[in-house]
Structure formats: structure tokens, C-alpha cells
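S.K.: curious how this folds, go ahead:
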Amino acid sequence: MSLKQTITVFETMDSAYVNGETIKALFVEYPQVTVTVQTVTGEQGKTDFVKIVIPGKNGKSTGGNAPTFGIIGRLGGIGARPSRIGMVSDADGAVAAVASALKLADMQKNGDVLAGDVIVSTHICPDAPTQPHEPVDFMGSPVGILTMNKHEVIPEMEAILSIDTTKGNRVINHKGIAISPTVKEGYILRVSEDLLRVMEMTTGALPVTFPITMQDITPYGNDLFHINSILQPSVATDAPVVGVAITAQSAVPGCGTGASHETDIALAVKFAVEVAKEYTNGVTKFYDEAEYAHITALYGSMKVLQTMGNV
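M.R.: Next comes the predicted model:
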């Protein structure tokens with residue numbers, strides 16, 4: 001179960017005074033877990049980037065060779081104060097990422113240690129700006145996407161789940177969670193069969209996926225439409241990235257309050273934790289390596305899609 005950790009993190013973040021140090025305090029009783037906080041100031045304010053490392057028994061941080069797994073909580077901000085009172089829908093990705101780390105820390109404390117390291121990253125900003133977007137307004141951010149990727153996409157991450165609220169659209173008409181195809185170095189690959197299996201197991205329902213476009217996997221700032229920032233980590237790494245969308249049946253603005261659903265966030269946490277278990281143990285794969293080698297041999301590199309293109 002992950003609802004306890006989800007509610008703990010939700011209540012902690014639902015504050016005008018929350019910052020990175022507040023999140024760091026949640027992990028004081030877990031001596032094996034390392035939490036670092038870095039405050040970064042941008043043109044529209046500041047935010048605290050939080051990095052949480054849960055070491056594995058055979059993790060590379062301690063000289064082992066088990067794969068390192070990454071969980072990124074993507075968002076513009078957890079609040080839009082003073083224009084909005086309370087935690088916004090956009091906060092779900094941060095809540096899910098930190099709750100995943102807290103669940104893994106609890107597991108480790110209780111003797112269930114994963115094979116490899118898990119690195120969790122997100123940022124904490126209770127007073128982020130908003131910005132117009134169709135069909136509903138987006139949350140903005142005090143810092144740009146390049147800064148976010150610099151602090152959240154950690155080089156040691158060998159596979160990444162990017163968790164993000166994805167409710168401001170008419171493409172995903174499902175309340176709960178959905179996953180994207182795997183994105184690697186500018187290629188949109190087929191949806192991982194392993195991740196579909198884990199999703200079926202953790203949700204107790206048929207898996208739900210969502211479509212992505214070439215535009216979605218290009219960097220922000222190129223004047224192309226993006227469903228949201230869920231796949232922005234893919235522009236900053238060679239590691240495979242899968243988006244975990246926390247979804248709704250209706251189009252909900254990222255700056256809307258009272259729009260977060262704890263049970264849906266907890267589903268994302270359960271999924272992320274189970275993927276972490278299997279990936280670091282060498283069981284789950286995000287993509288078929290042989291097929292990827294074949295497609296790149298046939299069609300060459302697509303890394304240009306990780307850049308701003310011909311500008």
C-alpha cells in the first residue's frame with residue numbers, strides 16, 4: 001500500500017510555507033537515504049530542487065552493478081499563490097515522486113531493500129506563475145525547462161519514469177493513471193510490454209496508455225504545441241523515458257485547486273515502486289535493445305529532436 005505515504009506528502013506540501021527543507025525533514029528517520037536541496041532563482045521567482053537517493057543493496061553508489069532507476073516529479077509548481085489559494089492540480093507529480101521515495105525508504109527500514117539505487121527528483125514551489133494554454137491554462141514555473149532538466153535529470157538514472165499531472169487536455173478521457181510509449185534519443189518506441197504488465201498488476205485493471213507526438217518530445221520554447229512537460233526529461237538524457245500521467249475524464253487546468261485525488265496519486269506511486277523493484281533487479285525493460293539497434297541502423301539518429309532544431 002502507498003496511500004499512507006501519499007497522504008503524508010500531500011498534507012506536507014499543502015502549505016504556503018513548504019520548501020525543500022520541509023521535504024528533507026520527512027526523511028530524517030531514514031539514515032540510509034540521502035536528500036539534497038538546492039534553491040534556484042529564475043525570472044519569475046525561486047524554487048527548491050530536491051534530490052532523494054535510496055541506495056540499493058547492490059547499487060552503484062556503493063560499488064555494486066545493479067541498474068539505477070530514476071523517478072522525476074514533473075510540474076510547474078505546487079501552488080499558484082497569491083492568485084490561487086491551496087495546492088494546485090499540477091502538484092500531483094511532485095507528490096507522487098516524493099511519496100514514492102518515502103515508500104521506498106519505509107520498505108528499506110523494514111528490511112525490503114531493492115537491488116539497485118533509486119534516485120527521485122522534483123522541485124518545490126508554492127507560488128509559481130500561471131500561463132495561458134488550450135484547452136485550459138497551464139501552470140508556469142519560476143525557472144525554465146532547461147534549468148529543470150539540469151537539476152532533475154540526473155546522469156546516473158539509467159531509466160526514468162516522469163510523473164506529471166496530465167489533465168488539461170481532451171486526449172486522455174480516463175480518471176486514474178496512464179503511461180506513454182517509451183521515448184529514447186528522439187525516437188518514440190512502442191509501449192513497453194513489461195510496464196503494461198506492471199500496470200495491470202498494480203491497478204487491477206486493463207492498462208491505459210496515451211498517445212504522444214513528435215512535438216511532445218521536443219524541447220519547450222520552440223513554438224510547437226506540447227501536451228505538457230511530462231516528456232521534457234527525454235530531451236536531456238540518452239536513457240529511456242516513460243511518462244506516467246495522472247489523469248482525469250474532464251479537462252482540468254493545472255492551476256485548478258481541489259482537483260487532486262489522493263487515490264489516483266497513490267496508484268502512480270504503487271506503479272513507480274513496483275517498476276523500481278523490477279527494473280533494479282533486471283526484470284523489467286523499458287525497450288527492446290535489439291529492436292532499437294535495428295531501427296537506428298535503418299533510419300539513423302533522431303537526436304535532432306532533443307535540440308531546438310534549425311533556429
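
S.K.: over to residue 150. Which of the three states is it?
M.R.: Secondary structure state of residue 150, per DSSP: H, G, I helix; E, B strand; the rest coil, is helix.

S.K.: could you report the neighbour count for the closest residue to it other than its chain neighbours?
M.R.: In space, and not counting its chain neighbours, residue 150 is closest to residue 236: 7.6 Å by Cβ to Cβ, 6 or more residues apart in numbering. Every C-beta, even on glycine, is put in place using the N, C-alpha and C of the backbone. Other residues within reach of residue 236, judged by other Cβ atoms under 10 Å, total 19.

S.K.: now do the helix or strand where residue 196 lies: distance to the chain's middle.
M.R.: Counting by DSSP states H and E, the element that carries residue 196 is helix 193-203. Helix 193-203 has its C-alpha centroid displaced from the chain centroid by 17 Å (Cα atoms, centre = their mean, to the nearest Å).

S.K.: so what touches the helix or strand following it?
M.R.: Per DSSP H and E, helix 193-203 leads on to strand 241-247 as the next helix or strand towards the C-terminus. The contact list for strand 241-247 (Cβ atoms under 8 Å, 6 or more residues apart in numbering) reads 92-93, 96, 159-167, 172, 174-184, 192, 195, 208, 210, 212, 230-231, 233-234, 264-265, 268, 271-272, 286.

S.K.: can you check stretch 35-45 too?
M.R.: 19-21, 23-24, 27, 46-53, 125, 127-129, 140-144, 147, 151.

S.K.: just the buried subset of those residues, written out for ChimeraX, thanks.
M.R.: To isolate the buried subset of the contacts of stretch 35-45 in ChimeraX, counting by 16 or more other Cβ atoms under 10 Å, use the following:
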select :19,20,23,24,27,47,48,49,50,51,52,53,125,127,128,129,140,141,142,143,147,151
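
S.K.: what about the contacts of stretch 35-45, which are in helices?
M.R.: 20-21, 23-24, 147, 151 (DSSP state H).

S.K.: and those residues, which is the shakiest by pLDDT?
M.R.: For these, the weakest pLDDT value sits at residue 147, with 92.

S.K.: next, count neighbours for the spatially closest residue to residue 166 that is not a sequence neighbour.
M.R.: Once flanking residues are discounted, residue 166 sits nearest to residue 245: 3.5 Å by Cβ to Cβ, 6+ apart. Neighbourhood size, residue 245 [other Cβ under 10 Å]: 30.

S.K.: can you tell me how far residue 245 is from residue 199?
M.R.: 12 Å (Cβ to Cβ, to the nearest Å).

S.K.: which residues are common contacts for those two?
M.R.: Common neighbours of residue 245 and residue 199 are listed as 177, 179 (criterion: Cβ under 8 Å, 6+ apart).

S.K.: so what strands line up beside the helix or strand bottoming out on mean pLDDT in the chain?
M.R.: Least confident helix or strand, the chain: strand 138-139 with a mean of 76, by mean pLDDT, DSSP states H and E. Looking at strand 138-139 with DSSP bridges, its partner strands are strand 130-131 (antiparallel).

S.K.: quick check, distance from the strand it pairs with to the centre of its chain.
M.R.: 20 Å.

S.K.: avg pLDDT for that strand?
M.R.: On average, the pLDDT along strand 130-131 is 78.

S.K.: same check, this time on stretch 296-311
M.R.: 94.

S.K.: show me how far it is from its chain's centre.
M.R.: Centre-to-centre, stretch 296-311 and its host chain are 24 Å apart (Cα atoms, centre = their mean).

S.K.: then stretch 285-293?
M.R.: For stretch 285-293 - counting by Cα atoms, centre = their mean - the centre lies 22 Å from the chain centre.

S.K.: how long is that stretch from one end to the other?
M.R.: Using Cα to Cα, to the nearest Å, one end of stretch 285-293 lies 15 Å from the other.

S.K.: what are the buried residues along it?
M.R.: Applying 16+ other Cβ under 10 Å to stretch 285-293 flags 285-287, 292 as buried.

S.K.: now these in a markdown table, with secondary structure, pLDDT and distance to residue 84?
M.R.: As requested, the buried residues of stretch 285-293 are exported to a markdown table (DSSP: H, G, I helix; E, B strand; the rest coil; pLDDT from 0 to 100; distance: Cβ to Cβ, whole Å):
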| residue | secondary structure | pLDDT | distance to residue 84 |
| --- | --- | --- | --- |
| 285 | coil | 97 | 41 |
| 286 | coil | 98 | 36 |
| 287 | coil | 98 | 39 |
| 292 | helix | 98 | 42 |
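
S.K.: sorry, back to before: distance of the residue nearest to residue 166 relative to residue 39?
M.R.: Distance of residue 245 to residue 39, given as Cβ to Cβ: 29 Å.

S.K.: perfect, I'm done here.
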